[in-house]
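Student: Predicted coordinates and the sequence they were generated for:
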Amino acid sequence: MMSAGKNNFSKKRSAADTAFTVFNTIFMIVFVVVTLYPVLNTLAISLNDGTDALKGGIYLIPRKFTWKNYVTVLQKNNLMVGAMVTVARTVFGTLLALVMNAILAFIVSRPKFLFRKQLSLFWVITMYVNGGLIPTFILYKNLHLTNSFWVYIVPGVISAFNMLVIRTYMNGLPDSLVESAQLDGAGYTTIFVKIISPLCKPVYATVALFVAVGQWNSWFDAMLYNRMSGEYTTLQYELMKLLSSVTSQGASAESMKNTVGAVTPTSVRAAATIITMLPIICIYPFLQKYFVTGLTLGGVKE
């Protein structure tokens, strides 16, 4: 009797597990399709003739293949200069922000650091309150940051959010690691470089991805502070101006045939979107395992 009951229970459990697996698989397939479809649809429109795209009916495969939309975007004036500036600000801005936030987070995470709680509260307040757009502009101008490349780097070197994220991760590391290193005569610099930082790769990758995406997609600061300096323009700002000019012209295919062929604002916008997201999509797979680990920090406490 007992064996029969166990067999019935195992069958019921097996059936429930099978049903859950099937449901989970179907759900994940639907989720992937819903997530990827807008990207693939945008790619198909960017590779399709602009006039033909106005008819609709383009889903995953372009109906009339063409590179004209990308040619229109890449022939934009100052686009290469903007691309180089954007790459430079992304690389230098990410590295400097990561180093500075990591050092500050390590200092604040030390139990012997005075006023650590008060300073943390102060930094949290700065996440919700700021001086406003005009005072910020006046401050940057007085600091001679406007009309320069450093306006993209210096203001974002320290971020309260990123610093607190790194500090939270460091607080979760065992104190015995630091104590044993101090017994061996290691100073705080050695502890930070050789012990803490290697263990913080997941959160470093997470913060680096946050900062890099922000730097790559930023265009508003270029419009505010470097609008009159063409040598400091950014890729996103140039693409924004291109989309604005195409839209304001009425976006008819006939109005642009004299330049590079039949393109429309919809097709140009799709090409600009693909160009914008492509570098981040290429970088993300290399940081994915660290990014997922970093996002789960603080989820489990022992």
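Tutor: Done, it's in. A quick note: this is a predicted structure, and the numbers were derived from the prediction, not measured. Residues are numbered from 1 along each chain as shown.
Student: for residue 234, what are its contacts?
Tutor: Residue 234 makes contacts with 82, 85-86, 89, 152, 218-219, 222, as judged by Cβ atoms under 8 Å, 6 or more residues apart in numbering. Heads up, the C-betas are built off the backbone N, CA and C, glycines and all.
Student: Which ones among those residues lie within helices?
Tutor: Among the contacts of residue 234, DSSP state H puts 82, 85-86, 89, 222 in helices.
Student: burial measure for residue 218, as a count.
Tutor: 19 (other Cβ atoms under 10 Å).
Student: Can you read off the pLDDT for the closest residue to it other than its chain neighbours?
Tutor: Distances taken as Cβ to Cβ, 6 or more residues apart in numbering put residue 236 closest to residue 218, at 6.4 Å, once the chain neighbours are dropped. Confidence at residue 236, expressed as pLDDT, is 87.
Student: Residue 233 contacts residue 78, correct?
Tutor: Yes: here residue 233 reaches residue 78: they are 5.3 Å apart, a contact under Cβ atoms under 8 Å.
Student: Same drill for these two, tell me which one is more crowded.
Tutor: For residue 233 and residue 78, the more surrounded residue by other Cβ under 10 Å is residue 233, and the numbers stand at 24 against 16.
Student: Quick check, the residue nearest to residue 218 in contact with residue 215.
Tutor: No: using Cβ under 8 Å, residue 236 makes no contact with residue 215, being 9.9 Å away.
Student: Which elements pack onto the helix-or-strand element of the chain with minimal mean pLDDT?
Tutor: Confidence across the helices and strands of the chain bottoms out at helix 265-295, with a mean of 75, counting by mean pLDDT, DSSP states H and E. Packing contacts for helix 265-295, counted by 3 or more Cβ pairs under 8 Å, 6 or more residues apart in numbering; DSSP states H and E, involve helix 2-46, helix 50-53, helix 68-74, helix 201-217, helix 235-248.
Student: sorry, back to before: overlap in contacts, residue 236 and residue 215.
Tutor: Common neighbours of residue 236 and residue 215 (Cβ under 8 Å, 6+ apart) are residue 86.
Student: does residue 131 count as helix, strand or coil?
Tutor: Here residue 131 is recorded as coil under DSSP: H, G, I helix; E, B strand; the rest coil.
Student: pretty sure it contacts residue 139?
Tutor: Yes: between residue 131 and residue 139 there is a contact at 7.3 Å, judged by Cβ under 8 Å.
Student: what's the burial count for the closest residue to residue 148 other than its chain neighbours?
Tutor: Distances taken as Cβ to Cβ, 6+ apart place residue 232 nearest to residue 148, at 6.8 Å, with adjacent residues excluded. Neighbourhood size, residue 232 [other Cβ under 10 Å]: 22.
Student: How about residue 113?
Tutor: For residue 113, using other Cβ under 10 Å, the count is 12.
Student: My read is that it contacts residue 107, right?
Tutor: Yes: contact criterion Cβ under 8 Å: residue 113 and residue 107 qualify, at 6.0 Å.
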